[in-house]
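Participant: Show me the folded form of this:
(one chain, ligands or ions: 1)
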Amino acid sequence: MAARAPLSAGPAGPNAQQSNKIPVTIITGFLGAGKTTLLNYILKARAERHISVIENEFGEVNIDNELVADNLIEKEDLVSLDNGCVCCSLRKDIVKALAEIERRSRHRNKRVDQVILETTGLADPAPVAFTFFANPWIVSRYRLDSIVCVVDTRYVMQHLDEEASGGINEIAQQLAFSDLILLNKTDLVGKEQLATVHAAVRRINQSAQLLECRLNSEGGQPPLSLLLENNSFSVNKALQVDPDFLQSDSGSDLEISDTESGSDSEDGSEEGGAEGGGATADTAGGNTAAGNAAAETSTATCCAHHQHKKQRMEGQQQQQAESSQVTSQTAAEPCSVGAKRQACGMADGESTEQCHTKGDRRPKRRRKQLHDLSGVGSVGIVARGPLDEYRFNMFMRDLLAEKAKDIFRCKGVLAVHGYGNQRFVFQGVHETICYGPSDKPWGENETRINQIVFIGRKLDRKALMEGFRTCVWTKLPEGWQEFQDPLTLQPYYYNPNTKEKTWARPVEPNATANTVTATRLMSMEQPRDCLPGSKRRNTSATGSGHHSHGGNNNAAQQQANSSSSTLSAVAAAAGVAIGGVAGDQQQPQQPAIAAAAANAAA
Ligand SMILES: Nc1nc2c(ncn2[C@@H]2O[C@H](COP(=O)(O)OP(=O)(O)OP(=O)(O)O)[C@@H](O)[C@H]2O)c(=O)[nH]1
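Facilitator: Residues are numbered from 1 along each chain as shown. Down below sits the predicted model:
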C-alpha cells in the first residue's frame, strides 16, 4: 500500500509522519472478559471508518471468527492467527498479518483507517506491543495507538488471587500495560465488589483511564471516541511497568539481523510470498518505508541497551516495586530513558520513534514471554450432526456443577435438533452461561458441525469428548417413541411393542461412533526446558506452527505436528475448514491435514 491518506490534516514534520501511520489498538483482557463483545461493538459503531481486525485465539478452533464475521464489512477485513498465542510464538505472525492487511487493502484499492488486534485471553500485551517498535517495516507504517484491557468485574479478583502465587499473573500483566481499562459486566456485581475491583486495578495501574461499562448492552458501552485514536500508548509508561520492555532477548522469532535491516524480509513479506508481497513491492519501489524502517531499526534502541536488571512482574506488589524502582532509575541513571531522550535531541512531546532515528544500535528481540500456567489447557471438540437440547443442557449442568471453578472459559457454535436452520452461539465464563441464536443461520445444505472449546485447569479430554458424544441427537431405534414428563419437561422414551420405558435415550449401537472428535489437550504449561534458568531454552521455533501456549520447544512442536487429533485434522475429517485467514486461501501453513485426518480416523 502506498502512503496512506492521513485521517486528518496534521502539521508538517515528524508528527505529521506519525499521523500518516495506521493506528493499531490492542484489545487485551482475561478469558471471557468481553474482548470480542467490545470488538463487535466497535465494528458496529464505526460509521465510515475502515477497520481491519486481527484475531488471535488460543487453541485450534477459532470460535471468535464466527462471532466477529457478521460485523465485518467484508470478510477480507479479518485476519486470524489461531495457531498459538501472539505473545509467545506468533509475534512474527503479527507482521505477516499486517502485511496481509496491506496486500488486501491494495488489492481492493481500499484504505485501512484502523487495525484492531484482539489477543488471546492469556496473552501478555507487552511483547505484542514491543513488535510495534522493533520491527522496522511495522514502524514505518503503523503506530500503536493504545492498549485497551477489558476486565470481567465478576471474576477478576478470583483470577488475581488465584494465580499470583503461580509465577506470572496474566491478568496483572494485562492491566499493568493498558492505557484504558474497561471494568466490564457491572450488571453482574454489586457496589462493594466494584469498589474492590477498582482498588485492585488501581494498585496495579495508576495511570490508565478507568471506565465502568456493560459492553453487551446498549447504553452500557463507552463512546467510540474514548476507545479509538486517542494516542495514549507511551513507551515511557511501558518502561515504567517493565524496564525490559525494549530490551533484547535471545530468541529468534523477531530478531532483526544485519541483512534484514532496510529490507522487508523480517516482516514476513519475503517469507510470506503473496502474503507479504505488497510490502516487498513497496520497498522495492523506493517507498520511504525502507529508509524509515532502517533508521528506526538502527536505533529503536537507544533505549534498548539499558541494563536494567532482569525482572518480571509477579503480581501486583512486585509490579509496584518495579514501578518505583524504575522511576528512581530514570531520574538517576545516565542511561535512563529520560537521559537518552535528551541525548538523542528529543524534546519533550516528541515520540520515542523520532528519538530512535539517531542512535547507533539496532534492537534485538524482547525476551520471549514465558507462561507457567500449571495444569491449564484447552480442548476443542467437533461433533457432526445436531445436538439433543435436553442432553446438552444436562451435560453442561453436570460439568459446571463439578468443575465451574476450573473451567475458565467455554464457547462454541452449535446446531440443535428441532430448530431448523437456526445456528446457536454458546458462551461460558466459569458458571455464567449464555446460550442464544446467532445472527447467521446455517446454510440450506450446510453440514451441521458443532464446535466447542473448553479452556481451564485439569481438563479431562476423554470425559469431555465422551460427555459431548451423548449430546448428539440420534434417530430413535425402531419401535421407540419420545414423550415428555409434564412436570420436569424431561424427555422419556417408551416402546409400545416391548412396553419398555426409559429416561435414557435409546441409541443404535455405534450411532455416534464417528461423529465426535476432540483435539489433543493443548497444555499451556511451560515445558521444563523453556523455563527461566534452563540452559535448554529453545530458540528454534518460529512463526506459524502449532505451538502450545508458551511451549515452543521442539518436542511440543513435534507432538503438535504429529498429533492425530488436532482440530484441523478433526475438522478435515468432518469436512469443514476451521480458522485460517477468512476468505482467503493463502493461509499460514497447516499440518498435512489429509494424513492427520487419516490418523484421527484410526
Ligand atoms: N452480563 C454481561 N455479560 C457480558 C458483558 N459483556 C460481555 N458479556 C458476555 O461475556 C461473555 C464473554 O464475552 P466475549 O466478548 O466473548 O469475551 P472474550 O474476552 O472475547 O473471551 P475470550 O476471547 O474467550 O477470551 C459473552 O457471553 C458476552 O455476551 C456485560 O457487560 N455483562
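
Participant: The residue in the stretch 101-250 of the chain that the ligand sits nearest to: neighbour count?
Facilitator: Using CB to the nearest ligand atom, the single residue of the stretch 101-250 of the chain nearest to the ligand is G121, 3.1 Å away. C-beta coordinates here come from the backbone N, C-alpha and C atoms, glycine included. For G121, the neighbour count with other CB atoms under 10 Å is 24.

Participant: now G443
Facilitator: 9.

Participant: what are the phi and psi angles of it?
Facilitator: When quoted as degrees, to the nearest 10, the phi and psi of G443 stand at phi -70, psi 160.

Participant: any idea how far it is from the ligand?
Facilitator: G443 sits 24 Å away from the ligand, going by CB to the nearest ligand atom, to the nearest Å.

Participant: heads up, I number from 537, so please use that
Facilitator: Happy to do that; since the first residue is 537 now, the last one works out to G979.

Participant: Backbone dihedrals for V651, both of them.
Facilitator: Reported as degrees, to the nearest 10, the phi and psi values for V651 are phi -120, psi 140.

Participant: hang on, the earlier thing: right, and the residue of the stretch 637-786 of the chain closest to the ligand touches G570 too?
Facilitator: No. Between G657 and G570 there is no contact under CB atoms under 8 Å: 10.3 Å.

Participant: So which elements touch the longest strand seen in the chain?
Facilitator: As assigned by DSSP state E, the longest strand anywhere in the chain is strand 678-688. Where contact means 3 or more CB pairs under 8 Å, 6 or more residues apart in numbering; DSSP states H and E, strand 678-688 is packed against strand 558-565, helix 571-581, helix 661-670, helix 706-712, strand 716-720.

Participant: Can you name the next helix or strand after that strand?
Facilitator: Note on strand 678-688: by DSSP states H and E, the next helix or strand toward the C-terminus is helix 692-699.

Participant: buried set for that following helix?
Facilitator: For helix 692-699, the neighbour count (16 or more other CB atoms under 10 Å) marks V692, M693, H695, L696, E699 as buried.

Participant: just curious, which of the residues you listed is nearest to F928?
Facilitator: Comparing the buried residues of helix 692-699 against F928 with CB to CB places H695 closest, at 27.3 Å.

Participant: show me what contacts that closest one?
Facilitator: F566, N705, E706, I707, F944 (CB atoms under 8 Å, 6 or more residues apart in numbering).

Participant: same thing but at 10 Å, please
Facilitator: F566, L567, A569, V687, D688, N705, E706, I707, A708, F944, H966 (CB atoms under 10 Å, 6 or more residues apart in numbering).

Participant: Likewise for G992?
Facilitator: Contacts of G992 by CB under 10 Å, 6+ apart are 567, 911-915, 939-946, 966.

Participant: do that again at 8 Å, thanks
Facilitator: V912, G913, S914, K939, D942, I943, F944, R945, C946.

Participant: For the residue nearest to N720 when sequence neighbours are not counted, give its distance to the ligand.
Facilitator: For N720, ignoring the flanking residues on the chain, the nearest one in space by CB to CB, 6 or more residues apart in numbering is G570 at 4.4 Å. Remark: distance between G570 and the ligand (CB to the nearest ligand atom) = 4 Å.

Participant: pretty sure R644 is touching E612, no?
Facilitator: Yes. Counting by CB under 8 Å, E612 is a contact partner of R644 at 6.7 Å.

Participant: neighbour count winner among these two?
Facilitator: E612 (20 against 13).

Participant: that older thread, tell me the least confident of the buried residues of helix 692-699?
Facilitator: The lowest pLDDT within the buried residues of helix 692-699 belongs to E699, with 53.

Participant: in the sheet, who's paired with V961?
Facilitator: V949, G972 (DSSP bridges).

Participant: Tell me which residues touch N1031, please.
Facilitator: N1031 neighbours (CB under 8 Å, 6+ apart): G1015, W1016, Q1017, K1037, P1042.

Participant: now the last one: how far from the ligand?
Facilitator: Going back to what we said before, that points to P1042. 34 Å.

Participant: what's the answer for I991, then?
Facilitator: For I991, the distance to the ligand equals 7 Å [CB to the nearest ligand atom].

Participant: Measure how buried G956 is and give me the count.
Facilitator: Counted with other CB under 10 Å, G956 comes out at 10.

Participant: any low-confidence regions in the stretch 737-886 of the chain?
Facilitator: The stretch 737-886 of the chain contains residues with pLDDT under 70 at 781-886.

Participant: So which bits of the stretch 937-1086 of the chain are right by the ligand?
Facilitator: When proximity is defined by CB under 6 Å from any ligand atom, the stretch 937-1086 of the chain lies next to the ligand at R945, K947, Q963, V965, C970.

Participant: One more: the stretch 737-886 of the chain?
Facilitator: Counting by CB under 6 Å from any ligand atom, the stretch 737-886 of the chain sits next to the ligand at R750, L751, N752, G756.
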